[in-house]
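Engineer: just need the structure, nothing else, for what follows:
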Amino acid sequence: MLRIGIGNDTHRLVEGRPLVLGGVQISSDRGAEGHSDADALAHAIADAILGALCEGDIGVHFPDNDPHWGGADSLELLSRVMWLARERNLHVVNVDSTILLERPKLRPYVDAMRENIADVLGIDVGCVSVKAKTGEGLDAVGQGLAVTAQAAVLMQSN
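Structural biologist: Here you go, the predicted structure:
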C-alpha cells in the first residue's frame, strides 16, 4: 500500500526569535513566530505525514493553546508523528520539500536539515530533498515578512 501526503506551513518573521528550519538554527536577525520553535519545515513534513495517514494536521495533535507544546522542539513533534505512522505499519519512502524565504540564503544549511530530517524519519539522507527558493520580492515571503515550507511524502506499508 502506498500513501501520499502534502504539507504546508507559514510563520510570520519577527525580531527576537530564532530562525529554526529542519532543526537547524539559521543565522538571521529575525525568526519565525509560533507557539513551538516555529520550524516551518518540520511542521510541513509532519502535516504531509499526517495527511497521508488521514489524521488531520499538527494543530489537531499539538494545539497552540496547550501550554505543554510551548517552545517545543519541532523535530520532537515530527518524531511523535512518525510514531503514529509506525503504529499503522507505514514508513516514509521519500520526502520532497521546499522552503520559501527571501533572506538569508539557506544553501549552507540544507545538508544539515536533510540529515536531521532523515534521522527523525529513519530513512537515508538520499531520500530527503530540501530546496530553498525566494519570493522574488512578491507576497509576504518576498517582502521578508514570512517563511513558508511545503512538503510531499510518499509512504509505504511495512
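
Engineer: N94 sits in which helix or strand?
Structural biologist: Assigned by DSSP states H and E, N94 belongs to strand 90-100.

Engineer: who does that strand pair up with?
Structural biologist: Next to strand 90-100 in the sheet, as set by DSSP bridges, lie strand 128-133 (parallel), strand 146-157 (antiparallel).

Engineer: compute the number of surrounding residues for V120.
Structural biologist: V120 has 24 neighbours, counted by other C-beta atoms under 10 Å. (Glycine included, C-beta is placed from N, CA and C.)

Engineer: buried residues in the strand holding N94?
Structural biologist: L90, V92, N94, V95, D96, S97, T98, I99, L100 (16 or more other C-beta atoms under 10 Å).

Engineer: helices along this structure, start to end?
Structural biologist: 40-53, 58-61, 74-87, 110-121, 139-142 (DSSP state H).

Engineer: low pLDDT regions in this structure?
Structural biologist: Counting by pLDDT under 70, the chain contains no low-confidence range.

Engineer: could you tell me the angle between the strand ranked longest in it and helix 40-53?
Structural biologist: Using DSSP state E, we find that the single longest strand of the chain is strand 2-15. Relative orientation of strand 2-15 versus helix 40-53 (axes from the mean of the first three to the mean of the last three C-alpha atoms, to 10 degrees): 150 degrees.
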